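Sequence and predicted structure below; questions after.
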Amino acid sequence: MSASILPSPATTNASRVRCPTYIAIIACLILSSTHARMSSQRGKEARALIQKTIRSFFDSSNGLPFLILDTRPCSAYRARHLSPSTNIPFHRLDRSRFQLPSKQTPFAVLESPQEKGTDVPDAGSDAAIGAFVSWRKPSDILKSRGWKAEWAFEDQPLFWEIFAEELKKGGIHVDPTLEIVEKDKVSSKNRTPYNFLFKPNPVLVKILPLIEQELATLRSDRLRGSERRDIEGRVMLRCLDVGCGAGRDMAYLVARSANGLSVDGVEWSVLGMDQREDVCELARHLARDTFLQDEETSTGKDLVARVNTLVGKVDSKTGVFWISPSPTSPNGSDEKHSVKDWYPLLQPNIRHYDADLDRDHQELLAKSSVTSTEDGFDLIVMIRFLQRSLFAPLVEHWLRPGGFLVLSTFVSDTDLPEYSKPGPAHRLQSKSEAREIFEALGLKVVMEEISLVEDGTRPVATVVAQKPI
């Protein structure tokens, strides 16, 4: 009998066992191949999207400086970051809103993938606007609050790889100072050490080179007996910012020399005065965030020490600035000092408030303190703040001979646009009022102009005057 061509029962059973295994293996191979193709496709799409975003960012410059907000933790920023950029960690974003660009200015955000918070129900409430917390990323939160965070970069290896590639390609739109800075690696480019997302007051930007040039000549003139250059050839000048707010102009002023903007070796120290402790605290935070951003260097610490604040309230009738004793020094350190220690200027028009003394006794004590204006200020600025009773004591006691007084505040006049805020009491009542006040005090007006603030509707009068030598 010939052998059967049919498989034996044992063979059939073995095949039944192996067949599902083969199918499973083949299915896994197919799935793996499909997954690999999909992953590859997703990788290509991710690369293309990142590349497109970076190129769009580069193309947006049009010769203007790039603005980059880095919301990652300080440790991640110091390890590797884009330059120029400004580091405001996500958890400090609410406190630091005043450091952001205007809501009309586009900028980029570099963020960590895990930066998220919890949302607030009523997005239109004051609490919601101040909270800056959402399940969305920082860039989404900023956009929902009205800022133009138009480019969002995520801190991941692929981003850094593509950004480096695009930088190497260069092009007419790529800022030559833009680079990736890594810890412990020396930069090959001439970087601006301290970068701001906000724009300082345009009046200061415009007038400071002229003021610095004039003051550098005056203060370093040995024949006048007022040599002010130190051993490094720097001209050390002092500025008083009355109504300083959150201190943006103060930080800009102190950073000018390090950023290569100042004239003839001029360097600034600044004292800001404001009636609100919270905004003075913001000014101190801004100084530390700016000058200690990359690392805590001796230079950074020196610049932080040059930004000081006093909290108090101006008496509208007498122009006296009443301050209360503070438990800490004005630059935020834990050391206790008197105002005399903080600044060479004593107080012919500063009064210490003491609950144990009435106002009359305060003034009697203050009259015993007399200071030469040589220990005063080279520049006094009063921006978006108006207190007419302060002008006379500022000029008489606080402004050094040859020093400058800069006023830039809201104004009303018959041929200017009308507006509601601030009210009439906080505006100049005519385009000529400031000039008339300054000339009556013996100052020489060297510049005056009328412009509109950022909203394009409210006029501002700017007057710059110099005290005779």
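That came through, no problem.

Please name the nearest non-neighbouring residue to residue 419.
residue 458 (4.7 Å; C-beta to C-beta, 6 or more residues apart in numbering). Any C-beta I mention is one placed from the backbone N, CA and C, and that applies to glycine too.

Show the contacting residues for the one you found.
Applying C-beta atoms under 8 Å, 6 or more residues apart in numbering to residue 458 gives the contacts 410, 417, 419, 452.

I'd guessed residue 178 sits against residue 167; true?
Yes. Using C-beta atoms under 8 Å, residue 178 is in contact with residue 167, at 6.8 Å.

So for those two, which sits in the more crowded spot?
Taking neighbours as other C-beta atoms under 10 Å, residue 178 and residue 167 compare with residue 178 leading, 21 against 17.

Residue 412 versus the residue nearest to residue 419, what's the distance?
10 Å (C-beta to C-beta, to the nearest Å).

What of residue 242?
In terms of C-beta to C-beta, residue 242 sits 21 Å off from residue 412.

okay, the two: which has more neighbours?
residue 242 (22 against 18).

Dump the lengthiest strand in the chain to PDB, restricted to CA.
In the chain, assigned by DSSP state E, the strand with the most residues is strand 399-410. What follows is strand 399-410, C-alpha atoms only, in PDB (Å, rounded to 0.1, in the frame of the first residue of the first chain):
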ATOM      1  CA  LEU A 399      20.000 118.900  41.200                       C
ATOM      2  CA  ARG A 400      23.700 119.500  40.900                       C
ATOM      3  CA  PRO A 401      25.000 122.500  38.900                       C
ATOM      4  CA  GLY A 402      25.100 121.600  35.300                       C
ATOM      5  CA  GLY A 403      22.600 118.800  35.900                       C
ATOM      6  CA  PHE A 404      19.500 118.100  33.800                       C
ATOM      7  CA  LEU A 405      15.900 117.800  34.700                       C
ATOM      8  CA  VAL A 406      13.700 115.800  32.400                       C
ATOM      9  CA  LEU A 407       9.900 116.000  32.600                       C
ATOM     10  CA  SER A 408       7.700 113.900  30.300                       C
ATOM     11  CA  THR A 409       4.100 113.800  31.200                       C
ATOM     12  CA  PHE A 410       0.500 114.200  29.900                       C
END
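
Okay, buried residues for it please.
Under the neighbour-count criterion of 16 or more other C-beta atoms under 10 Å, strand 399-410 has 399-400, 402-410 buried.

Tell me the one of those nearest residue 151?
residue 408 (32.7 Å; C-beta to C-beta).

Quick check: bridge partners of that closest one?
Residue 408 has these beta-bridge partners by DSSP bridges: residue 383, residue 462.

Would you mind listing the residues in contact with it?
The contact partners of residue 408, by C-beta under 8 Å, 6+ apart, come to 201, 203, 381-384, 460-463.

What segments of the stretch 101-250 of the chain are helices?
For the stretch 101-250 of the chain, the helices defined by DSSP state H, counting those that start in this stretch occupy 126-131, 138-144, 157-169, 202-219, 248-255.

residues in contact with the closest residue to residue 429 other than its chain neighbours?
Leaving aside its sequence neighbours, residue 429 sits nearest to residue 412 (C-beta to C-beta, 6+ apart; 6.0 Å). When contacts are counted by C-beta under 8 Å, 6+ apart, residue 412 touches 418, 424, 427-430, 459.

Compare these and tell me which is most surrounded.
Busiest of the contacts of residue 412 [other C-beta under 10 Å] is residue 428, holding 23 neighbours.

so that one makes contact with residue 434?
Yes. Here residue 428 reaches residue 434: they are 5.7 Å apart, a contact under C-beta under 8 Å.

mind checking which helix or strand of this structure has the lowest mean pLDDT?
helix 339-342 (a mean of 40; mean pLDDT, DSSP states H and E).

Which stretches in the stretch 251-400 of the chain count as helices?
With DSSP H, counting those that start in this stretch as the criterion, the stretch 251-400 of the chain has helices at 277-291, 298-305, 339-342, 359-367, 391-393.
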